[in-house]
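A.B. asks: sequence and predicted structure, then a few things I'm wondering about:
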Amino acid sequence: MAGSQIERALSLLESLTADPGGIPLQSLADQLRIPKSATHRMLADLIRLGYVRQDPHTSRYRLSTKLVALGFRYLANSGADVVQPILDRLAEETGELVRLGVIDGERLTWIAKSQGARGGLRYDPDMGRDAPLSSTASGHAWLASMSDEEALLRVDRQTPVEPGELGPNAPRDSVELLERLRLAREHGYAWVVESSAVGTAAMAAVVRDPRSRRPIGVLSLAGPSARLGEARMHQLAPLLLAAGEELSEASQASELFP
C-alpha cells in the first residue's frame, strides 16, 4: 500500500471498523499490503495512544471506544442539537427509522438518526457507514441531483457491494439504475423496496444548501417492507420533503454539513 504513515494508520483504523470482534495481525497486514512488522509497529503506537486494544485471549486487534467518544463529542459540539428535533419529529410522525446522511466530497455518510418504531418490526442498521449509491434510496436521491453521466461515474468509483448482500430488486445494470434516477427526479424523492437488503424499504430526499441549493445531505425513511410498502411511501412523501426543507434552513446553524 502506497502512502504516508498517517495514511496507513488511518487505513488501519478503517479496517478495524469492519469487525468489532477483532482482526488478526496477519489479516491487517494483508489488507494494507504492507509488511507484518510495519503493521505491528503502527498497532503498538495506536495502542499506546488509546485508539486500539489487543484481546489478551485471542491476540486479535480491535478499536477502543476512544474514536466513538470523539465522534459523539464532535456531534455534541457541531449542531446535532439543531437537526435532531427535526429527525425526532419525522420519526414520531411516520413510526419509521429516520436517517440523515451528509455529503462530503465523494462520500455520503449516515451520521444521525431517530427511531420511530417502538415495537414490532424494526429496521435499524449501524450508523457511520457510507451509503451504497447504486442500491439505496439515499444513494439514488443524491445521484438523481446529478447528470446521468456524473451519477454513473460516482457509482463506478465506489467500492461495489457484493451481490449476495443486496436485495432482489437492486438495479442490475446502468439502464435500470438510470430509470430509478429518472423517477426520483420526477417525484422529487427516491424510493426502493428490497433493493439494499431483503425485507427492507426506504425513501429519501436531498437536503440542499438554502443559498446555493447545492446538495449537502440526504434525509431518508427506512423500515421493513412488510410495513413500508411503495403506496405508503408515496403517502409519507410530503412529510419527508417538508422535513428536508426544515433541515435545509437549519443547516446554516449546524457544523454537521460541510
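C.D. replies: Structure's in. What do you need?
A.B. asks: wait, Ser248 sits on Val207?
C.D. replies: Yes. If you go by Cβ atoms under 8 Å, Ser248 and Val207 touch, sitting 5.5 Å apart. Backbone N, C-alpha and C define where each C-beta goes, glycine included.
A.B. asks: show me where the chain has helices.
C.D. replies: 5-16, 25-32, 36-49, 66-76, 80-94, 137-143, 148-157, 174-187, 230-250 (DSSP state H).
A.B. asks: list the buried ones in the third one?
C.D. replies: When neighbours are counted by 16 or more other Cβ atoms under 10 Å, the buried residues of helix 36-49 are found to be Thr39, Met42, Leu43, Leu46.
A.B. asks: between Ser248 and Val207, tell me which one has more neighbours.
C.D. replies: Val207 (28 against 20; other Cβ atoms under 10 Å).
A.B. asks: what residues does the more buried one make contact with?
C.D. replies: Neighbour list for Val207: Leu100, Pro215, Ile216, Gly217, Val218, Leu219, Gly244, Leu247, Ser248, Ser251, Phe257 [criterion: Cβ atoms under 8 Å, 6 or more residues apart in numbering].
A.B. asks: gap between the second one and Leu143?
C.D. replies: Taking Cβ to Cβ, to the nearest Å as the criterion, Pro215 is separated from Leu143 by 10 Å.
A.B. asks: got it, and the third one?
C.D. replies: As judged by Cβ to Cβ, Ile216 and Leu143 stand 15 Å apart.
A.B. asks: also the last one?
C.D. replies: In this structure, Phe257 lies at 19 Å from Leu143, with Cβ to Cβ as the measure.
A.B. asks: which one of those two is surrounded by more residues?
C.D. replies: Using other Cβ under 10 Å, the more surrounded residue of Phe257 and Leu143 is Leu143, with 27 against 22.
A.B. asks: tell me the contacts of that one?
C.D. replies: Leu133, Ala151, Arg154, Val155, Leu177, Leu181, Ala184.
A.B. asks: mind doing that once more with 10 Å?
C.D. replies: 108, 133-134, 136, 150-152, 154-155, 177-178, 180-181, 184-185, 190, 206 (Cβ atoms under 10 Å, 6 or more residues apart in numbering).
A.B. asks: circling back: can you put the buried residues of helix 36-49 in TSV and add pLDDT and distance to Asp88?
C.D. replies: Output for those, formatted as TSV (pLDDT from 0 to 100; distance: Cβ to Cβ, whole Å):
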residue	pLDDT	distance to Asp88
Thr39	93	43
Met42	93	40
Leu43	94	40
Leu46	93	36
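A.B. asks: nearest to Leu12 among those residues?
C.D. replies: Nearest to Leu12 out of those is Met42 (Cβ to Cβ; 5.6 Å).
A.B. asks: residues in contact with that closest one?
C.D. replies: Gln5, Arg8, Ala9, Ser11, Leu12, Leu13, Leu28, Ala29, Leu32, Ile34, Val52.
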